[in-house]
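S.K.: Sequence and predicted model, in that order:
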Amino acid sequence: MSHNRVEPGHESPLKASRLSFIPERLGDMVILLIRFGILVCLVASISLALHSAFAKPDRWFPLPEHIHTVQNISVIDSGPTNISHILFGIAGSSNTWHDRSNYSKLWWKPNTTRGFVWLDKKPEILHDDMLLPYQISQGWRQFQYVHSASAVRIARIVYESFKLGLPNVRWFVMGDDDTVFFPENLVTVLGKYDHNQMYYIGGSSESVEQNVMHSYDMAFGGGGFAISYALAAQLDKMMDGCLSRYYYFYGSDQRVWACVNEIGVPLTREVGFHQLDIRGDPYGLLAAHPLAPLLSLHHLGQLNSLFPNQTQIHSMEKLISAYDADPARIVQQSFCYDHKHRWSISISWGYTIQIYPLLLIAADLQMPLQTFKTWRSWKNGPFTFNTRPMSSDPCQKPAVFFLDEVTKVGKSGSVTIYKRHEGKEGKCTRKDINNVEVERIRVSALKLDPEYWKNVLRRHCCQLLGGGSIKNGSMHIRIRKCRPQETVTA
């Protein structure tokens with residue numbers, strides 16, 4: 001046996017020294033590593049805290065696109081809806097945009113309004129006065145269609161607008177390049193709804209034949225419609241497949257409606273969207289506008305001018321001058337009676353006044369005069385609302401006044417002047433009729449609070465000032481809230 005054998009219970013000096021030396025070195029190293037780790041964690045924690053305080057939270061930990069946008073909406077900006085939360089998608093064409101852009105210039109406000117006109121290709125000439133930024137539609141040529149490739153392209157505007165991933169978008173509002181929107185009123189209406197829920201908001205056609213041909217449950221695209229962010233996120237997942245299924249549909253709005261219908265979301269109607277599927281003169285409709293904020297007007301280039309002896313663009317400029325003074329009140333109807341002269345007076349604020357030389361019931365005054373015909377067949381109806389026929393009897397026809405001047409009074413009021421329009425109607429010769437010997441009407445009103453539309457609605461009353469006296473061919477009327485027990489006939 002080897003003489004180097006160590007007896008049990010005895011260790012060699014070398015082995016003993018190694019065993020005592022290694023644990024000591026390891027212990028020091030472990031302590032150093034622990035201290036270094038604590039120092040690194042402390043520095044990292046301080047850096048992360050500073051970065052969180054002064055940098056955007058998504059730079060280190062990027063989120064998927066759809067979650068990123070939800071974060072911007074729900075966390076960063078959770079206050080009331082305002083104009084910055086609306087992204088407009090305007091359907092245009094490079095061939096027609098230069099002319100039709102005149103309608104968009106009426107309501108678009110640079111650095112305030114958000115959105116794009118979507119074109120089929122880049123315009124050959126870019127004009128310096130082009131207010132709306134543009135986008136070029138992509139990917140639409142791959143789809144099968146029966147009627148129109150442009151209908152497919154326009155139907156994808158919601159999808160492509162969502163794909164832009166812009167922050168703080170709550171609503172996607174679609175319209176045509178000849179649609180005039182009234183943005184402040186849109187903010188008021190959309191503010192009633194929760195953008196985190198799925199909403200499809202718009203209006204039907206005025207002509208029954210159009211609704212029968214397409215659908216009563218569809219929002220007509222020219223009049224405009226709004227898609228909430230939550231619904232747009234769902235459309236994003238299935239839009240292209242849906243468009244392939246409905247390749248045989250006629251219009252873009254019908255395609256969007258079909259896709260929304262697959263998700264199971266019904267149309268929420270707002271009667272302030274106006275497709276204006278009518279022919280002729282829209283006067284009767286705007287002179288007796290329903291009790292709702294004016295949101296849009298479409299087909300203006302194919303209708304008579306709103307104001308006589310003016311182009312449609314100049315007519316809209318005049319209407320918008322009143323709208324700018326009191327957005328919530330524009331074309332809101334009030335009526336009252338001059339019992340002394342036995343006159344009925346209807347006011348469409350900011351647009352027109354009618355004085356009838358006889359007493360009409362309120363139900364008649366709020367019913368539009370049929371100054372127009374149906375869109376497709378040019379017939380006298382049917383429409384989706386009741387109308388009154390135009391009488392040829394001068395003793396039953398109203399004296400018509402159109403807006404002439406608008407003046408703001410401080411921050412809370414306005415004065416509008418309406419000038420009489422002399423038409424071709426003859427003069428009433430009946431002795432029991434007091435002919436309307438008025439040339440100008442002055443209307444005073446307090447600015448209508450947008451919150452008015454969130455309450456139980458009631459039409460405002462009008463009051464003849466000075467006992468209805470007429471001085472130098474002028475009379476003065478005040479529009480105000482109706483008193484609790486007041487009726488227009490009292």
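M.R.: That came in fine, so what should we check first?

S.K.: For the stretch 101-250 of the chain, which segments count as helices?
M.R.: 149-155, 157-163, 183-190, 208-213, 229-245 (DSSP state H, counting those that start in this stretch).

S.K.: The second one - contacts with which helices or strands?
M.R.: Based on contacts counted as 3 or more CB pairs under 8 Å, 6 or more residues apart in numbering; DSSP states H and E, the elements that helix 157-163 packs against are strand 86-91, strand 114-119, strand 171-176, helix 229-245. Just so you know, the C-beta spots here come from the backbone N, C-alpha and C atoms, and that holds for glycine as well.

S.K.: Give me the contact list for the third one.
M.R.: This points to strand 171-176. With CB atoms under 8 Å, 6 or more residues apart in numbering as the test, strand 171-176 has contacts from 81, 85-92, 115, 157-158, 161-162, 181, 186, 190, 195, 221-229, 232, 256, 296, 298.

S.K.: Name the strands paired with it and say parallel or antiparallel.
M.R.: Sheet pairing for strand 171-176, assigned by DSSP bridges, gives strand 86-91 (parallel), strand 225-228 (antiparallel).

S.K.: Buried deepest among those strands, which one?
M.R.: Of those, the one with the most neighbours on average (mean count of other CB atoms under 10 Å) is strand 225-228, at a mean of 26.

S.K.: avg pLDDT for that strand?
M.R.: The pLDDT scores in strand 225-228 average 98.

S.K.: now swap in stretch 330-340 and tell me
M.R.: If you average the pLDDT over stretch 330-340, you get 95.

S.K.: chain center to that stretch, what's the gap?
M.R.: 28 Å (CA atoms, centre = their mean, to the nearest Å).

S.K.: That stretch: which residues count as buried?
M.R.: Within stretch 330-340, the residues scored as buried using 16 or more other CB atoms under 10 Å are 330, 331, 332, 333, 334, 335, 336, 337, 338.

S.K.: How about stretch 104-115?
M.R.: Buried-residue list, stretch 104-115, by 16+ other CB under 10 Å: 104, 106, 107, 108, 113, 114, 115.

S.K.: For the closest residue to residue 110 other than its chain neighbours, give me its contacts.
M.R.: In space, and not counting its chain neighbours, residue 110 is closest to residue 131: 5.7 Å by CB to CB, 6 or more residues apart in numbering. Residues near residue 131 by CB under 8 Å, 6+ apart: 101, 104, 105, 108, 110.

S.K.: what does residue 443 give?
M.R.: 347, 349, 353, 415, 416, 417, 418, 462, 476, 477, 478, 479.

S.K.: just those residues now: which is nearest residue 310?
M.R.: Residue 310 has its nearest neighbour among the contacts of residue 443 in residue 418, at 15.0 Å by CB to CB.

S.K.: so that closest one, which of the three states?
M.R.: Here residue 418 is recorded as strand under DSSP: H, G, I helix; E, B strand; the rest coil.

S.K.: Chain neighbours aside, what residue packs nearest to it?
M.R.: Counting by CB to CB, 6+ apart, residue 401 is the residue found nearest to residue 418 once chain neighbours are left out, at 3.8 Å.

S.K.: can you give me phi and psi for the one you found?
M.R.: With angles defined as degrees, to the nearest 10, residue 401 sits at phi -120, psi 140.

S.K.: now it: how far from residue 116?
M.R.: Distance, residue 401 to residue 116, using CB to CB, to the nearest Å: 40 Å.

S.K.: Sketch out the strands for the stretch 301-450 of the chain, chain order is fine.
M.R.: 333-338, 343-348, 352-356, 372-374, 399-409, 413-421, 440-446 (DSSP state E, counting those that start in this stretch).

S.K.: State the pLDDT value of the residue nearest to residue 418.
M.R.: The model's pLDDT for residue 401 equals 97.

S.K.: who's it bridged to?
M.R.: Bridge pairing for residue 401 - DSSP bridges - gives residue 353, residue 420.

S.K.: That one - how many residues pack around it?
M.R.: 24 (other CB atoms under 10 Å).

S.K.: bridging residues for residue 445?
M.R.: residue 414, residue 479.

S.K.: Give the rounded mean pLDDT of stretch 348-359.
M.R.: Averaged across stretch 348-359, the pLDDT comes to 96.

S.K.: Would you mark the buried spots in it?
M.R.: Residues of stretch 348-359 classed as buried: 348, 349, 350, 351, 352, 353, 354, 355, 356, 357 (neighbour count, 16+ other CB under 10 Å).

S.K.: ok so, going back, dump the helices of the stretch 101-250 of the chain into TSV; add distance to residue 173 and mean neighbour count as well.
M.R.: Compiled in TSV, these are given as follows (distance: least, CB to CB, whole Å; neighbours: other CB atoms under 10 Å):
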stretch	distance to residue 173	mean neighbour count
helix 149-155	14	22
helix 157-163	10	22
helix 183-190	7	21
helix 208-213	21	16
helix 229-245	11	18
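
S.K.: TSV please, covering those helices and showing distance to residue 261.
M.R.: Below are the helices of the stretch 101-250 of the chain laid out as TSV (distance: least, CB to CB, whole Å):
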stretch	distance to residue 261
helix 149-155	13
helix 157-163	14
helix 183-190	21
helix 208-213	15
helix 229-245	10
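
S.K.: of those helices, which approaches residue 428 most closely?
M.R.: helix 208-213 (34.8 Å).

S.K.: Contacts for the closest one, please.
M.R.: For helix 208-213, using CB under 8 Å, 6+ apart, the contacting residues are 204-205, 218, 220, 275, 277, 374-377, 381-384.

S.K.: just stretch 256-265 next, same as before
M.R.: So stretch 256-265 is in contact with 155, 158, 174, 198-200, 215, 217-219, 221, 225, 227, 231, 234-235, 238-239, 242-243, 245-246, 249, 267, going by CB under 8 Å, 6+ apart.
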